[in-house]
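**Student:** Sequence first, predicted coordinates after that:
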Amino acid sequence: MGRYVVRRLLQMIPVFIGATLLIFLMVNVMGDPIAGLCGERACDPATAAQLKKEFGLDKPVWQQYLTYMGNVFTGDFGTAFNGQPVTELMSTAFPVTIRLTVVAILFEIVIGITLGVVTGLRRGRPVDTGVLLATLVVISVPTFVTGLLLQLLLGVEWGWIKPSVSPDATFGELIVPGLVLASVSLAYVTRLTRTSIAENKRSDYVRTAVAKGLPRHRVITRHLLRNSLIPVVTFIGTDIGALMGGAIVTERIFNIHGVGYQLYQGILRQNTQTVVGFVTVLVLVFLVANLLVDLLYAVLDPRIRYA
Amino acid sequence: MRSATHARGAACAVVVALAATACGGGGSGGGGGGESGVLSSSWGDPQNPLEPSNTNEVQGGKVLDMIFRGLKKYDPKTGKATDMLAQKIDTSDSQNFTITLKDGWTFSNGEKVTAKSFVDAWNYGASLKNNQKNAYFFGYIQGYDKVHPDSGSQSADTLSGLKVVDDSTFTVALNQKFSSFPDTLGYAAFAPLPQSFFTDHAGWLKQPVGDGPYSIESYTKGSQMALKKWDGYPGADKAQNAGVTLKVYTDNDTAYTDLIAGNLDLVDDVPASQLKNVKNDLGDRYINTPAGIIQTLAFPYYDSAWNKSGSEKVRTGLSMAINRKQITDTIFQNTRTPATDWTSPVLGTAGGFKEGLCGSACDYDPAQAKKLIQEGGGLPGGQLKITYNADTGSHRMWVDAVCNSINNALGNDKACVGNPIGTFADFRNQIGQHKMTGPFRAGWQMDYPLIQNFLQPLYYTNASSNDGKWSNKDFDKLVDQANAQTDTAKAVSTFQQAEGVVRDNMAAIPLWYQNGSAGYSARLSNVALNPFSVPVYNEIKVS
């Protein structure tokens, strides 16, 4: 187990370097970011040169990358154009997005798995057909449509929530945005769980458990569900990274100042330091989440062992 | 339609399931801002640190407008520069000025505003090592070339043209005659700065301190700024409300939704997509007034195809092929007005705005347009490519409409196409590297309401914003003459002569004047936008 984890951690190094290099190059290809700083006029050449020097943009790209990586390992992610250190931006943005992701994941687990179990056990019944239809609708409607619709209905028409989230972004305020963010994944989780449950329901070990006279809820939670969760856990694990990075649309609609907002602004202003910094952290989150998922397999199914 | 109803049904089902647990939290409060008398307003994250000489966009400008007062202030209604901190500004030769300050002004931290507060601030703004983006504003002051050389490092740290005489007097020597120099001093870059700006710069940036009617109570970068009325403010334009909370919105549509839901008091830029609903949603709580912004199409004069004899006929023809009225009506819902000169209506006729100066060259006349373009040798390369940045504004919509209009006039479907560029920075970058092959979008927001500001920076040889590198000896001569003119009326008419040169050569095609727009909640009254399309916050009353 220990050796497995070490091997996985070592594998992360090339992935990490490759990913950051790609992002760094991509942002660089977009051109000179200084030109956009002076509004509708050209920066005067002296100031532009001075700014380039300050942000290290006057050096060749490979040198910029090496300096950047060197700094990253000492915890310095550079400075954004508005004078704020990127680490400061991260310390305000990540807690908000993590809260949003937690809300979304909770929705996926609680609603998604519950619906999946219910429909999986009652295949072909009206409940099953109804939920299947609903998930189909949710999957086919783009997130920004559900987001704007909920915002308009709940925020403006009925006045249940505020249409935008305050800078504090407490859990209570993030429930609706979290639901919007989770909606599509939630539908997938429902469908995955349903199929898995329906398949395993007919397996030998379930029949044995029922024959032993175990109570129904015990058969479902301990025997059926535990074994059916492996594909679902894989999905949710990879979804953590996707939710954190993919919240741009949801964060924009509800005016949440999280990672999506910072990334969006960073890209618009061609702020290499912000974009590369945030994406680097997202890459790390993705890698760690994947590792955790793999380790969870062993917990769920004792037949799986790592050496 | 069907799928929409389904989606709504599904969404509602989920919502109903949730309602019991979650949605109860909202609803309370109702009004926009918590405290009574405090209004909330939409805001965008300022692009640069909030230093007066480093802020060149509206969002940072909003804050500076509230926390700073300079020597002059532009009247929010007429745009005329009136004395604020200046007792008097004397000159005998339009080149050497003696500035006397009024007594009794302090910063909100209690420090007295003296001549030194101004001179130190201006020296800081001009100095190359401080990377101030508005440094060129000090370019008229003697010694600027030493403090801010075009290349290399600076050989002096202070402007030799600035001298403190005593606590309330200082002198300014310019490197050329510039009669309207005093009228430029209302620009934020010329604001005075307290000593704490220099001694504790990082601390000052966290919570800027100025001498305006508001002081900053708290500032959370990237999300919110709370300003409260400064009770000790000595000026006549005291704040009529208890304070302003600026909230950062990533998307103007969300701000607008918040306004409709009663969660926000003031949105100062109504998104284009909502213009159709705004009358229904807000009634007379929507304002749409001229701002000092003009949109033009500039040309690359470094490209010989656009800089040969006869090409002015092509440019004039193109101008006549654009149906401005139709575009401003349908696409912009009258938030733009067809341009008939190269300045802006906010200047007023006394300030140099002259309706119809463009004459028939700005009238829609497809037959004449076609004739002129043919006489001028046709479109260079056979096709016109209008370059614009596609990331902000509704540029794509109007560029397509302009092209459509030109295509119709010329009877050729492929005569004109749009050439979108992904980001504003890249757009500016390509312009800076002289990569334009045809006309490109050029917008100009005035720095101060003077006709000089609409002409010199844009069309004078090698001027800071002369992106197309247009150069004309007659124009340059007239501008020099106008700047040396001590009589304002004469100066204005000389500038208008120079504008005539721009027209005759069609140096840039004027498209339309842009309006500022805002919507506000029922709690507010006396809301107006100044000529810079910034809300006049200190005059807003909250009920």
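**Tutor:** Looks like it came in fine. Because the structure is predicted, anything quoted here is derived from the model rather than measured. Numbering: from 1, shown residues only, chains lettered A, B, ... in the order given.
**Student:** Could you pull up the contacting residues of the closest residue to residue B:282 other than its chain neighbours?
**Tutor:** With sequence-adjacent residues excluded and distances taken as C-beta to C-beta, 6 or more residues apart in numbering or on different chains, residue B:282 is closest to residue B:519, at 4.8 Å. Yep, even glycine has a C-beta here, placed from its N, CA and C like the rest. Contacts for residue B:519 (C-beta atoms under 8 Å, 6 or more residues apart in numbering or on different chains) come out as B:256, B:259, B:266-267, B:270, B:278, B:281-282, B:285-287.
**Student:** Any idea which residue of the stretch 351-500 of chain B lies closest to chain A?
**Tutor:** For the stretch 351-500 of chain B and chain A, the shortest gap (C-beta to the nearest C-beta) falls at residue B:425, measuring 2.8 Å.
**Student:** Tell me which helix or strand that residue sits in.
**Tutor:** Following DSSP states H and E, one finds residue B:425 within helix B:424-432.
**Student:** Relative to the whole chain's centre, how far out is the helix or strand just after that helix?
**Tutor:** On the C-terminal side of helix B:424-432, the nearest following helix or strand under DSSP H and E is strand B:440-445. Between the centre of strand B:440-445 and the centre of its chain there are 11 Å (C-alpha atoms, centre = their mean, to the nearest Å).
**Student:** Show me what strand B:440-445 is packed against.
**Tutor:** Contacts defined by 3 or more C-beta pairs under 8 Å, 6 or more residues apart in numbering or on different chains; DSSP states H and E place strand B:440-445 against strand B:286-298, strand B:384-389, helix B:451-459.
**Student:** The shortest one vs strand B:286-298, what angle?
**Tutor:** Yep, that's strand B:384-389 we're talking about. Angle between the axes of strand B:384-389 and strand B:286-298 is 130 degrees (criterion: axes from the mean of the first three to the mean of the last three C-alpha atoms, to 10 degrees).
**Student:** CA atoms only for strand B:384-389, dumped as CSV, please.
**Tutor:** This file holds the C-alpha atoms of strand B:384-389, laid out as CSV (Å, rounded to 0.1, in the frame of the first residue of the first chain):
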residue,chain,number,x,y,z
LEU,B,384,-12.2,45.7,-46.4
LYS,B,385,-11.4,43.9,-43.1
ILE,B,386,-12.6,45.7,-40.0
THR,B,387,-10.5,44.6,-37.0
TYR,B,388,-12.0,44.6,-33.5
ASN,B,389,-11.7,42.8,-30.2
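**Student:** what does the stretch 151-300 of chain A put close to chain B?
**Tutor:** A:151-156, A:159-164, A:167, A:172-173, A:175-176, A:179, A:183, A:251-255, A:257, A:261-262, A:264-265, A:267-270 (C-beta under 8 Å from any C-beta of the partner chain).
**Student:** Restricted to helices, list the residues you listed.
**Tutor:** Members of these lying in helices (criterion: DSSP state H): A:175-176, A:179, A:183, A:251-253, A:261-262, A:264-265, A:267-268.
**Student:** from those, which is closest to chain B?
**Tutor:** Comparing these against chain B with C-beta to the nearest C-beta places residue A:175 closest, at 4.1 Å.
**Student:** Distance-wise, check the closest residue to chain B within chain A relative to residue B:419.
**Tutor:** Nearest residue of chain A to chain B (C-beta to the nearest C-beta) works out as residue A:36 at 2.8 Å. Residue A:36 sits 18 Å away from residue B:419, going by C-beta to C-beta, to the nearest Å.
**Student:** So if I had to pick from the two, which one is more boxed in?
**Tutor:** Comparing residue A:36 with residue B:419 by neighbour count (other C-beta atoms under 10 Å in any protein chain shown), the higher total belongs to residue A:36, at 24 against 16.
**Student:** Using ChimeraX, define a selection of the buried residues within the contacts of residue B:519.
**Tutor:** Buried members of the contacts of residue B:519, defined by 16 or more other C-beta atoms under 10 Å in any protein chain shown, are picked up in ChimeraX with:
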select /B:256,259,266,267,270,278,281,282,285,286,287
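**Student:** Throw the contacts of residue B:519 into a markdown table and include secondary structure and pLDDT, thanks.
**Tutor:** Shown next, in a markdown table, are the contacts of residue B:519 (DSSP: H, G, I helix; E, B strand; the rest coil; pLDDT from 0 to 100):
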| residue | secondary structure | pLDDT |
| --- | --- | --- |
| B:256 | helix | 92 |
| B:259 | helix | 93 |
| B:266 | strand | 95 |
| B:267 | strand | 93 |
| B:270 | coil | 86 |
| B:278 | helix | 88 |
| B:281 | helix | 89 |
| B:282 | helix | 90 |
| B:285 | coil | 93 |
| B:286 | strand | 93 |
| B:287 | strand | 92 |
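**Student:** Okay, strands next: where are they in the stretch 101-250 of chain B?
**Tutor:** Listed in chain order, the strands of the stretch 101-250 of chain B (DSSP state E, counting those that start in this stretch) span B:162-166, B:169-173, B:214-220, B:224-229, B:243-248.
**Student:** Of all those, which one comes closest to chain A?
**Tutor:** strand B:224-229 (5.0 Å).
**Student:** Could you give the average pLDDT over the closest one?
**Tutor:** For strand B:224-229, mean pLDDT rounds to 94.
**Student:** for stretch A:145-162, same thing?
**Tutor:** On average, stretch A:145-162 scores 87.
**Student:** right, so the helices and strands packed on strand B:440-445: which one is the most enclosed?
**Tutor:** Each of the helices and strands packed on strand B:440-445 was scored by mean neighbour count; the highest is helix B:451-459, a mean of 24, by mean count of other C-beta atoms under 10 Å in any protein chain shown.
**Student:** what angle sits between that helix and strand B:286-298?
**Tutor:** Going by the same axes, to 10 degrees, helix B:451-459 makes 40 degrees with strand B:286-298.
**Student:** Touching helix B:451-459 from outside, list them.
**Tutor:** A:41, B:180, B:184, B:294, B:342-344, B:347, B:351-353, B:442, B:444, B:446-447, B:463-466, B:470, B:472, B:475, B:479, B:482-483, B:492, B:495-496, B:498-499, B:502, B:507-508.
**Student:** Tell me where the stretch 201-307 of chain A is predicted with low confidence.
**Tutor:** Along the stretch 201-307 of chain A, the model assigns pLDDT under 70 to residues A:307.
**Student:** Please, where are all the helices along it?
**Tutor:** With helices called from DSSP state H, counting those that start in this stretch, the stretch 201-307 of chain A shows them at A:204-211, A:216-218, A:226-245, A:248-253, A:259-268, A:272-300.
**Student:** Adding distance to residue B:115 and mean neighbour count, write these out as CSV.
**Tutor:** Below are the helices of the stretch 201-307 of chain A laid out as CSV (distance: least, C-beta to C-beta, whole Å; neighbours: other C-beta atoms under 10 Å in any protein chain shown):
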stretch, distance to residue B:115, mean neighbour count
helix A:204-211, 89, 13
helix A:216-218, 84, 10
helix A:226-245, 54, 19
helix A:248-253, 48, 22
helix A:259-268, 40, 23
helix A:272-300, 40, 19
